[in-house]
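Participant: Quick one, structure for this:
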Amino acid sequence: MSRLCLHGYVSGRVQGVFFRQATAEQAERLELHGWVRNLGDGRVEVLCEGEASAVRELASWLEQGPPQAKVTGVELEEQPLQGIAGFIVLR
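Facilitator: All right, here's what the predicted structure looks like:
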């Protein structure tokens, strides 16, 4: 089983549309670890790690997000594994 860690940014109408909470729910469903937070410039930042196929599934989901969102861009880069336990929404 290979593990993967991705970190990056989601652009578009992604704040005020439950994007962080929906991301956390997807991550928990996929048994991923990491965090998600809003940035001052209107983007959402995310770091997730776990089973590579599950990380890729979340990455694919980020391209659309929850129904209220309008994603215009997703930039993700592979990072070294962080060893994070659980998935949280940062404020």
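Participant: Excluding covalently adjacent residues, which one is nearest to Arg37?
Facilitator: Distances taken as CB to CB, 6 or more residues apart in numbering place Leu90 nearest to Arg37, at 3.7 Å, with adjacent residues excluded. In short, each C-beta sits where N, CA and C put it, glycine included.
Participant: For that neighbour, give its distance to Asn38.
Facilitator: Separation of Leu90 from Asn38 (CB to CB, to the nearest Å) stands at 8 Å.
Participant: residues touching the residue nearest to Arg37, list them.
Facilitator: 35-37 (CB atoms under 8 Å, 6 or more residues apart in numbering).
Participant: Looking only at residue counts, what's the top strand in the chain?
Facilitator: With secondary structure taken from DSSP state E, the chain has its longest strand at strand 3-13.
Participant: Can you tell me which of the contacts of Leu90 end up in strands?
Facilitator: 35-37.
Participant: Quick one: which of the residues you listed is the most crowded by neighbours?
Facilitator: Val36 (23 neighbours; other CB atoms under 10 Å).
Participant: Please list all residues in contact with the residue nearest to Thr72 when sequence neighbours are not counted.
Facilitator: Nearest non-adjacent residue to Thr72, counting by CB to CB, 6+ apart: Gly12, 3.7 Å away. Applying CB under 8 Å, 6+ apart to Gly12 gives the contacts 69-73.
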